[in-house]
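Asker: can you look at this prediction? I've put the sequence above it.
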Amino acid sequence: MKLIKTVLYFVVVVLATFVLVSIVGTQLVLADILSFGLVISLSDRVSATIHDIAGLATMLPILISVTFLLAFIFAESGRRIMSGKRTYWYMAAGLTSLPAALTLIKTLMGGTVFAAARTGYGMLLIALCGLFGGWLFARLINKGKPE
């Protein structure tokens, strides 16, 4: 039963992080468009965000799942070896996992697969989305238990 709950929590965290990263990515691209002097209505922002969530739904959740799985395994192993609060370990894992994966993909493939990751600011925001995912996972698996 514990394993099923953990897997369910993991899926929830991946989906929440996916939606957050998609929203951030869309808004960063729209901010670039605004810098050209174009006007973007709220309905256009919402429409573009929904379109991007649907368009990224085939690739981005898989990337987040793989990176979070590896990062959370390392975080739990590190916590067991060196001790410390699980929440901090998972937050650090989430913070670093997505930028590391996107940097590795860029290095191996020679290009950026996610437009928001092209700038340092975009990568920082993506890292913060990962931080949120790590925090959420730790909160869910710690629910009702002391760290």
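Answerer: Structure's in. What do you need? Numbering: from 1, shown residues only.

Asker: so where's this structure shaky on pLDDT?
Answerer: Counting by pLDDT under 70, the chain contains low-confidence residues at 144-147.

Asker: which residues of it fall in helices?
Answerer: 2-34, 42-56, 60-82, 86-109, 120-142 (DSSP state H).

Asker: once you drop chain neighbours, what's closest to Val29?
Answerer: Counting by C-beta to C-beta, 6 or more residues apart in numbering, Ala115 is the residue found nearest to Val29 once chain neighbours are left out, at 5.6 Å. C-beta coordinates here come from the backbone N, C-alpha and C atoms, glycine included.

Asker: quick one: contacts for the one you found?
Answerer: Shown in contact with Ala115 (C-beta atoms under 8 Å, 6 or more residues apart in numbering): 25, 28-29, 122.

Asker: tell me which of the residues you listed is nearest to Ser47?
Answerer: Among the contacts of Ala115, Val29 lies closest to Ser47 (C-beta to C-beta), at 13.2 Å.

Asker: pick out the residue nearest the middle of this protein.
Answerer: The centroid of the chain falls nearest to Gly130 when counting by C-alpha atoms, centre = their mean (3.8 Å).

Asker: circling back to that earlier point, and the contacts of Ala115, which two are the farthest apart?
Answerer: Using C-beta to C-beta, the contacts of Ala115 span at most 9.2 Å, a distance reached by Val29 and Gly122.

Asker: neighbour count: these two, which is higher?
Answerer: Gly122 (22 against 16; other C-beta atoms under 10 Å).

Asker: which residues touch the residue lying closest to the more buried one once chain neighbours are set aside?
Answerer: Once flanking residues are discounted, Gly122 sits nearest to Ala116: 4.1 Å by C-beta to C-beta, 6+ apart. Contacts here follow C-beta under 8 Å, 6+ apart; on that basis Ala116 touches 21, 24-25, 28-29, 122, 125-126.
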